[in-house]
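Colleague: Give me the fold of what follows.
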Amino acid sequence: MTGESVEYPRPQEDSDNRDFLEAWRDGCLAVQVCGACGRSFFYPRPLCPHCWSDRLSWQTLPGKGEVVSFSAIYRPNHPSFFSDIPIVLAEIRVAEEISLLARIIDIVPEAVRIGTRVRLLAKSEANRYPLPTFRPDER
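Modeller: Reported below is the predicted structural model:
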């Protein structure tokens, strides 16, 4: 069985991550901002991890970042990924205090370096992937 015939697993959507997932389906990267302390953070949650306030809103980021760390995956657990190997999974810094784990496409693992600049996929491509996905940023 190839990965082409099996759909990628989808994240479980709930009240904490719904806005984040909706933004991604629109080709955007959204993070939460605390109305009490003013700090932004990722991953979606019901309380600010810095001051515990529930006064949260959403902010869209430009969708550019840089690789902090990465790994190449050659043995994925889900059949939907079998035809995609090797898969580059990276910690990507998208803002001063915000990093997230995301996939990078259109790059071979040997070409990835700490500091590699990446950009979020365009809206036209976002629907294929259930979570934010990046590609090298050719600046």
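Colleague: Check which element follows the helix or strand of the chain with the lowest mean pLDDT along the chain.
Modeller: Across the helices and strands of the chain, mean pLDDT, DSSP states H and E gives its lowest value to helix 123-126, namely a mean of 87. Sequence order places strand 133-136 as the next helix or strand after helix 123-126, per DSSP states H and E.
Colleague: ok, and what's touching that next one?
Modeller: 65, 90, 92, 102-107, 111, 116-121, 125-126 (Cβ atoms under 8 Å, 6 or more residues apart in numbering). (C-beta placed from N, C-alpha, C; glycine too.)
Colleague: export the helix ranked longest in the chain as CSV, just CAs?
Modeller: Of all segments of type helix in the chain, defined using DSSP state H, the longest is helix 18-25. Provided in CSV are the C-alpha atoms of helix 18-25 (Å, rounded to 0.1, in the frame of the first residue of the first chain):
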residue,chain,number,x,y,z
ARG,A,18,-10.0,25.2,16.5
ASP,A,19,-8.9,28.7,15.6
PHE,A,20,-5.3,27.5,15.0
LEU,A,21,-6.6,24.7,12.6
GLU,A,22,-9.0,27.0,10.8
ALA,A,23,-6.2,29.5,10.2
TRP,A,24,-4.0,26.7,8.8
ARG,A,25,-6.8,25.6,6.4
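Colleague: tell me which residues of that helix are tucked away?
Modeller: Neighbour counts over helix 18-25 (16 or more other Cβ atoms under 10 Å) mark 19-21, 23-24 as buried.
Colleague: CSV for these, including distance to residue 47?
Modeller: Shown next, in CSV, are the buried residues of helix 18-25 (distance: Cβ to Cβ, whole Å):
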residue, distance to residue 47
19, 15
20, 15
21, 19
23, 20
24, 22
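Colleague: All the strands of the protein, residue numbers only.
Modeller: Taking DSSP state E as the test, the strands found in the chain are 29-34, 40-41, 56-61, 64-73, 87-95, 98-104, 117-120, 133-136.
Colleague: what residue ranges in the chain score low on pLDDT?
Modeller: By pLDDT under 70, the low-scoring segments of the chain are 1-5, 139.
Colleague: again, 90 this time
Modeller: Applying pLDDT under 90 to the chain picks out residues 1-10, 76-81, 83-84, 95-97, 123-128, 138-139.
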